[in-house]
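>>> turn this into a structure:
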Amino acid sequence: MNPLSWPVVCGALIITSPALYGALVSGTVSLDVALVRLGLCAVGIWIVLSLAASLTTDALAATRRERADDAATEEMPTV
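Okay, the predicted model is just below:
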């Protein structure tokens, strides 16, 4: 999964929205702290989503292989 894909960026923005609000609107958090939190959350979300995508892709491929192996095959007549 691309680290700049929309699920990663949107997830990081949603999780760090309180810090961004504090930095940009109320001034309770400095901007550099909010941006560091945004970066760390983006990396964390990217790792979690990449692992989830890898696990689901591997499981789906294994299921398809099992179904292909278990499928009834028809023998062709020999002439």
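>>> in space, not sequence, find me the middle residue of the protein.
Centroid-nearest residue in the chain: residue 49, 2.1 Å away (criterion: C-alpha atoms, centre = their mean).
>>> now residue 54: how far from residue 68?
21 Å (C-beta to C-beta, to the nearest Å). Where C-beta positions appear, they are placed from N, C-alpha and C, glycine not excepted.
>>> for the longest helix along the chain, name the packing helices and strands.
For the chain, the longest helix by residue count, based on DSSP state H, is helix 31-70. Helices and strands touching helix 31-70, by 3 or more C-beta pairs under 8 Å, 6 or more residues apart in numbering; DSSP states H and E, are helix 6-15, helix 17-21.
>>> can you find the helix or strand in the protein with the smallest mean pLDDT?
helix 31-70 (a mean of 87; mean pLDDT, DSSP states H and E).
>>> just the buried residues of it, please?
34, 37-38, 41-42, 45-46, 49 (16 or more other C-beta atoms under 10 Å).
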